[in-house]
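Peer 1: One predicted model, sequence on top.
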Amino acid sequence: NPFALAGLGLVAWMNNDRDSESNYFDRARRADKTNPEVYCAIAECCLELPKQDTVTALVYLKQGLDLYPKYARLHFITGKLETSKKNYGAAANAYERAIFFDPKSALAYRNLGTILFYSRSYRDALTAYNSSVTLNPEQILVYKNLGDLYYTVAKYDEAEHSYQTYMERAEVTNDDKEQMAFTLFFNKKYKESETLLEQLQQISHDESLLHRIRGYIAYETADYQKGVEQLTKFFKLHDTHKIIASDYSYYAKLLQKTGNEDLAMDNFRKAIATDPFRTENYEELAKLAAKNSLHLEAVGCYKKMIDLGADKVVTNFLIGKEYYFEGERWRARVDSMMQLQKSNINSDSSEAKKSMILFYTKADSAFTVVTKLNSDYAGGFIWKGRIHATLDPDAITTEAKDAYQNALVLLEKADPEKNRKSIIECYKYLGSYYYLGYDRLYKSDKKAAGEMRQKTIECFNEILKLDPSDVQAKDVLFKMK
């Protein structure tokens with residue numbers, strides 16, 4: 001019996017009796033030289049050992065293939081041998097040959113799918129797995145393979161269905177249940193996932209990954225304090241070298257919701273350091289930084305978002321606002337120093353003024369980019385108007401006027417009622433600009449002053465049409481009379 005002899009060879013190898021192993025395998029081959037299954041049996045014995053004997057397996061596979069090059073199972077076992085050696089390309093070729101010679105081999109299709117999955121050829125892997133299921137829908141492991149594939153490519157509905165089929169047919173492990181819980185989470189079935197995780201934590205309460213997903217679920221279900229507790233436990237238990245960006249970002253969002261914004265920012269920074277290519281983390285950090293007056297950090301985040309492909313109009317607009325608010329911060333400092341000077345307290349505001357002008361100028365540059373990229377967007381022009389109105393309070397130049405006029409044309413053309421507040425802002429600046437011009441020219445150029453006076457009246461009359469209760473408009477018009 002060649003198969004019994006092959007089994008004895010296996011036992012001899014396990015007893016570390018290499019001479020007997022070689023003898024039994026050779027006797028098995030000689031017992032039935034014309035049976036390709038004998039060569040398959042010897043090779044499989046060698047591959048099923050705790051410590052595989054790939055050298056002997058390869059010897060008998062070659063002997064078998066020399067005699068029977070079209071025997072599918074010899075190619076199939078060659079695929080297993082190459083897989084064990086991590087020669088995935090050679091393994092895939094072997095399984096394809098096995099399928100060529102036996103197109104009904106569900107197992108060859110399944111193993112080929114696994115090799116393709118390892119190689120990240122997901123579409124071809126899916127085709128192979130589906131062929132395996134078509135040939136033998138009563139299999140068990142292939143459904144887990146399909147679940148892993150769908151999970152990897154983020155098709156969580158299909159992953160859930162495949163895992164469910166597998167779990168209904170197999171004796172599932174805790175690892176299988178854990179993977180199912182993760183799939184349910186990504187499929188936004190938070191209650192089902194939470195139930196499964198609670199069962200697993202009763203068995204292994206120190207399993208860090210369970211705390212991870214429960215923390216994620218707590219955020220998605222707005223149970224923020226519980227989420228903080230779960231992820232705090234996770235960070236204590238988990239290998240620090242295996243923490244991923246989403247761990248930090250979820251923790252940051254939970255901390256933000258529970259009022260710990262400083263620690264939330266720290267964790268968003270860690271998320272970015274772990275994965276610098278996720279735009280949403282820069283955006284969240286930028287919002288928090290802006291809220292806490294860290295305007296330059298917010299600018300840095302927004303600039304990185306542009307590098308990663310964020311909308312240039314929207315993001316440059318946000319950059320402009322942060323530079324503007326940084327300029328406002330320095331302007332408040334300048335005003336404070338000027339008050340000290342009025343009280344005869346020595347206070348040099350020159351450096352603060354330089355910083356104020358610098359950041360206003362940077363803001364103006366960002367808003368200029370916005371107006372060039374989208375000349376129909378009034379917001380860029382309004383903010384440019386505000387900046388130049390601040391830098392030129394006496395309205396000597398026309399930059400603020402030009403910006404507000406451009407904004408006014410766009411606002412009135414779009415939706416005057418919706419844009420009423422912004423339109424009033426435009427008319428107020430323009431009216432003030434003409435009023436200051438009138439005041440300057442009154443003694444030197446009566447005609448030009450008269451034109452300025454008329455335009456001032458027109459602007460403030462427009463304001464009263466939009467808001468009859470506007471005190472400033474009424475006051476200016478009274479003075480003009």
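Peer 2: That came in fine, so what should we check first?

Peer 1: quick one: the helices in the stretch 51-200 of the chain?
Peer 2: Along the stretch 51-200 of the chain, the stretches classed as helices by DSSP state H, counting those that start in this stretch are 54-67, 72-84, 88-101, 106-118, 122-135, 141-152, 156-169, 174-186, 190-203.

Peer 1: Quick one: mean pLDDT for the fourth one?
Peer 2: Computed over helix 106-118, the mean pLDDT rounds to 95.

Peer 1: After the worst-scoring helix or strand of the chain on mean pLDDT, which helix or strand is next?
Peer 2: Here the helix or strand of the chain ranked lowest by mean pLDDT, DSSP states H and E is helix 18-31, holding a mean of 84. Toward the C-terminus, helix 18-31 is succeeded by helix 36-48 as the next helix or strand (DSSP states H and E).

Peer 1: ok and that following helix relative to helix 54-67, angle-wise?
Peer 2: Going by axes from the mean of the first three to the mean of the last three Cα atoms, to 10 degrees, helix 36-48 is angled at 160 degrees with respect to helix 54-67.

Peer 1: Pull the contacting residues for F235.
Peer 2: F235 sits next to I243, D247, Y251 when contact means Cβ atoms under 8 Å, 6 or more residues apart in numbering. All C-beta atoms are positioned from the backbone trio N, CA, C, and that covers glycine.

Peer 1: mind checking how far stretch 9-26 is from the chain centre?
Peer 2: Centre-to-centre, stretch 9-26 and its host chain are 55 Å apart (Cα atoms, centre = their mean, to the nearest Å).

Peer 1: So which bits of that stretch are buried?
Peer 2: G9, L10, A12, W13, E21, Y24, F25 (16 or more other Cβ atoms under 10 Å).

Peer 1: and G227, how many neighbours?
Peer 2: Counted with other Cβ atoms under 10 Å, residues neighbouring G227 total 25.

Peer 1: what's the burial count for Y216?
Peer 2: 25.

Peer 1: sorry, back to before: let's see if you can find the most crowded of the contacts of F235.
Peer 2: Y251 (29 neighbours).

Peer 1: Can you give me the distance of that one to D223?
Peer 2: Noted for Y251: a distance of 14 Å to D223, by Cβ to Cβ, to the nearest Å.

Peer 1: Dihedrals phi and psi, the residue sitting nearest the centre point of the chain?
Peer 2: Most central in the chain under Cα atoms, centre = their mean is R278, positioned 4.0 Å from the mean C-alpha point. With angles defined as degrees, to the nearest 10, R278 sits at phi -100, psi 110.

Peer 1: ok, now P69?
Peer 2: With angles defined as degrees, to the nearest 10, P69 sits at phi -70, psi -10.

Peer 1: And the strand or helix carrying E322, how far out from the chain middle?
Peer 2: Assessed by DSSP H and E, E322 sits inside helix 312-342. In terms of Cα atoms, centre = their mean, the centre of helix 312-342 is found 32 Å from the chain centre.

Peer 1: Any buried residues in that helix, and which?
Peer 2: Residues of helix 312-342 classed as buried: 313-324, 326-328, 330-331, 333-334, 337 (neighbour count, 16+ other Cβ under 10 Å).
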